[in-house]
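Q: Dropping the sequence and predicted coords here.
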Amino acid sequence: MLQGAIFLAAISLAQDFVGENFPIVLNEIVAQNRNGLVDEGGRHEDWIELHNRGVKDEMLSAPGRRLALKSGSHFWPFPQGAAISPGGYLVVFADDDGKQGPFHACFDLAADGEEVQLVDLERDGTLIDGIRFPGLGVDVAYGRLPDFPESWGYLVTPTAGGPNARPKPIPPQVSVLGRLPLKPKPGEAVQVFIRLWDDGPAQAVLRVLASPGSVVDYPLKQSSTGNPFLVSAEIPPFAKGVTVRYQAIARDEKHEAHDPQDGQWHFYHLGGEPPKVVINEVMADNDSVFQDSQGKFSDWVELYNTTEQPVALGGFSMTDDLHRGGKWEFPSGANSLIPSRGFLLVFCDGRPELSQPGELHVSFRLAESERYPGTWDDEIILLDGYGNIADAIAFRGERTDISLGRYPDGTDLLIPMQPSPGKTNDIRTHREVFGSHHLPLIISELSADNWQFLDDTGQSFSDWLEIRNVGNAPLDLSGMKLGDSNYLKWVWSIQEKTVIQPGDHLLFFCDKAIEKGPRHTDFSLNRMGDAVCLLDRDGRVIDGIRFGPQPQNTSLGWVDGFSQPEFLNPTPGSRNMGSPLVFFLRGDANRDSRADMSDAIKILLFLFIGDEEIPCEKAADADDSGDIEITDAILIMGYIFLGGKPPAPPFPTFGPDPTPEDGLSCKRGLF
């Protein structure tokens, strides 16, 4: 291991080890692939690229030569027959998942940096090439520089399978890890912990907003060496009743980065009680989803009453500019009354004169972005009768007919979703069933991320859906259609002589491979959310399901006794059995979809103060010991700051509990 100053030097200068003058070299590495290269299953996995600098084909595994990649104590030998042509490239996915294909290594990469080697197992692991790469940001590559091929550096554009791009300044990356205390009291200062990454000098501040028009930037103090850096800032005490909002900002010479992204804010409320009414959903580009009484598809904002009592908003106001106070004031009376756990919809069309009983219109519109033409760049602020901020949402780049909403209703988590004006937001387990059901056919089960069951060819892991005949007579499906996407973009006709008997299940493989057989469709299912429907010969929808993100190797299906489809252990082609599954992310104690410093703090407060509710005890049990202990908080902090052991499965993605008998509780669904 490189220590002290040697490690710091490795951040700016690669320590490139070459055991001999060999034409095959390590060429490029990406350790946080989020939006770039995808593997055979459509996943963004980390990767390592090799390059043949020679003038002839080079075998990686042949008699007398057995090359392997080495990471820590893990060796991954190249498959027999693997070769790279002269001047060619080979990409190996570092995902610790060899079942996906021949070029998936038995290890993954540490985003904080580690050493990777190319060795020859036939010669007792002789080192051929090696690189200790520094901490890498999201979608940042580290590779050989085009003009100096023996030197390595940051590459702003990953180029898997091709020549490396010339280095350019890379935007900094910043993320808020958590705060302490988690629930501040009036008059109490707050420490905010932040992770900062950049390829060069960067300045960072914590921007704090505690009242309209009052924005203050506080400097960050460095708490660790290396890259990424751990930094912190102190938010000063504020009085009771104030809502404090904050965001981390990092800048270099040409770029700026924020957390939260898109202009949103982290926040906490001083005074014991959170805001009673929150901005629950924003629709910034309503093209065809919801009409007002004039028949117009106006943009809208949805408010939600988080309490068990009605709340009158008379005297409250709304604005889309933090620096100018209230533009539009809620009227008194029933039009501004939100029932217990209820919703109030406000149309943002700049025409308040259209307001009428049961429908409110404000005096401003949601603005199109000047920096990002064709997108929306705005903020919505709800002010109470004293001019204090009750709630606020800032947003940018919302897609047409896609809203930004809190999930679950009234909580901190803001995510894009299918619009639900005046209704409960339910995106992660969103399972809307639609159709006329004029024939006794249902889509009884589907799997949109299948790597467990082979299709009827016995060679491929295809997404699939299952149709069940719930009637008492055989039904001919010939000429009926299956369609996917929310807008039925793809419609595929079921082939002739396709008959389903009473009570039977018929399986269709959604893999865009109609050449494989009559039950292979020309569309696939999106594991991040999709819609699928069955249509009769006249194009009427018989049955359909619109669903949200689906965990790997699970299905969504009907189970007796439940009013909607549930996550299940898949049973393709047969009756759905068993209890609905619970999904969670190990270490995610506060249910914000990631394991970070705030989860460690929540566990400590739960153990030593007792005023913290743990919505999913299984997630807080980071080491899967069967109990929530201080070691769980220590494990999370060690993983974040020291590159230590990660939380136990399911991690780093959502999944079911591999030890369900531990006695810890977790609500049904996806957490």
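A: Perfect, I can see it now.
Q: Please, where are all the helices along the stretch 401-550 of the chain?
A: Assigned helices in the stretch 401-550 of the chain: none (criterion: DSSP state H, counting those that start in this stretch).
Q: Using the three-state scheme, assign Phe606.
A: Following DSSP: H, G, I helix; E, B strand; the rest coil, we place Phe606 in the helix state.
Q: from here on, count from 300
A: Happy to do that; since the first residue is 300 now, the last one works out to Phe905.
Q: neighbours of it, just the number please.
A: Neighbours of Phe905 under the rule other CB atoms under 10 Å: 19. C-beta here means a position set from N, CA and C on the backbone, and glycine is covered the same way.
Q: tell me the contacts of it?
A: Residues in contact with Phe905 (CB atoms under 8 Å, 6 or more residues apart in numbering) are 888, 911-913, 919, 927.
Q: if I look at it, how far off is Trp375?
A: According to CB to CB, to the nearest Å, Phe905 stands 40 Å off from Trp375.
Q: cool, Glu533 as well?
A: In terms of CB to CB, Glu533 sits 46 Å off from Trp375.
Q: Just want to know which of those two has more residues nearby.
A: Between Glu533 and Trp375, counted using other CB under 10 Å, Trp375 has the larger neighbour count: 20 against 14.
Q: Could you check the pLDDT of the more buried one?
A: Each residue has a pLDDT score; the one for Trp375 is 92.
Q: how many other residues sit next to the closest residue to it other than its chain neighbours?
A: Nearest non-adjacent residue to Trp375, counting by CB to CB, 6 or more residues apart in numbering: Ala404, 4.1 Å away. Using other CB under 10 Å, Ala404 is surrounded by 27 other residues.
Q: okay but Ala404 is in contact with Asp395, surely?
A: Yes. Taking contacts as CB atoms under 8 Å, Ala404 lies within contact range of Asp395: 7.2 Å.
Q: can you give me the helices for the stretch 500-649 of the chain?
A: Under DSSP H, counting those that start in this stretch, the stretch 500-649 of the chain gives no helices.
Q: what's the burial count for the residue nearest to Tyr441 when sequence neighbours are not counted?
A: Of all residues not flanking Tyr441 in the chain, Phe432 sits nearest, at 4.6 Å (CB to CB, 6+ apart). Phe432 sits with 27 neighbouring residues when counted by other CB under 10 Å.
Q: what do you get for Pro720?
A: 17.
Q: next one: the host helix or strand of Ile900 to chain centre, how far?
A: Per DSSP states H and E, Ile900 falls inside helix 896-907. Helix 896-907 sits 23 Å away from the centroid of its parent chain (CA atoms, centre = their mean, to the nearest Å).
Q: Report the mean per-residue pLDDT for that helix.
A: For helix 896-907, the per-residue pLDDT averages 83.
Q: Mind giving me the packing neighbours of whatever helix or strand comes next after it?
A: Next helix or strand after helix 896-907 toward the C-terminus (DSSP H and E): helix 916-919. Applying 3 or more CB pairs under 8 Å, 6 or more residues apart in numbering; DSSP states H and E, one finds that helix 916-919 contacts helix 896-907.
Q: ok so, going back, buried stuff in the helix holding Ile900?
A: 896-905 (16 or more other CB atoms under 10 Å).
Q: would a markdown table of those residues with distance to Pro739 be doable?
A: Listed next are these as a markdown table, based on distance: CB to CB, whole Å:
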| residue | distance to Pro739 |
| --- | --- |
| Met896 | 53 |
| Ser897 | 50 |
| Asp898 | 47 |
| Ala899 | 53 |
| Ile900 | 53 |
| Lys901 | 49 |
| Ile902 | 50 |
| Leu903 | 55 |
| Leu904 | 53 |
| Phe905 | 50 |
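Q: Could you point out which of those is nearest to Asp783?
A: Among these, Asp898 lies closest to Asp783 (CB to CB), at 36.1 Å.
Q: and the closest one, what does it touch?
A: By CB under 8 Å, 6+ apart, the residues touching Asp898 are 477, 886-889, 919, 921, 935.
Q: what about 10 Å?
A: 476-477, 884, 886-891, 918-919, 921, 931-932, 935-936, 939, 946 (CB atoms under 10 Å, 6 or more residues apart in numbering).
Q: Likewise for Ser592?
A: Taking CB under 10 Å, 6+ apart, we find Ser592 in contact with 646, 653, 655, 657-658, 660.
Q: which of those residues lies closest to Lys780?
A: Phe646 (36.6 Å).
Q: what sits opposite that closest one in the beta ladder?
A: Beta bridges link Phe646 to Trp599, His660 when assigned by DSSP bridges.
Q: What separation do you get for it and Gly657?
A: For Phe646, the distance to Gly657 - CB to CB - is 12 Å.
Q: okay, these two: which has more neighbours?
A: Phe646 (28 against 9).
Q: Quick one: residues contacting that one.
A: Per CB under 10 Å, 6+ apart, neighbours of Phe646: 582, 585, 589-593, 595-600, 653-654, 658-661, 664, 720.
Q: For the buried ones among those, write the corresponding PyMOL selection.
A: For the buried members of the contacts of Phe646, the matching PyMOL selection, counting by 16+ other CB under 10 Å, is:
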select buried, resi 582+585+589+591+596+597+598+599+600+653+654+659+660+661+664+720
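Q: Secondary structure class of the closest residue to Lys355 other than its chain neighbours, three-state.
A: Distances taken as CB to CB, 6+ apart place Pro385 nearest to Lys355, at 5.6 Å, with adjacent residues excluded. Judged by three-state DSSP, the three-state class of Pro385 is coil.
Q: on that earlier part again, for the residue nearest to Tyr441, what are its contacts?
A: Phe432 neighbours (CB under 10 Å, 6+ apart): 309-310, 313-314, 325, 327-330, 347, 408-409, 411-415, 440-442, 451, 453.
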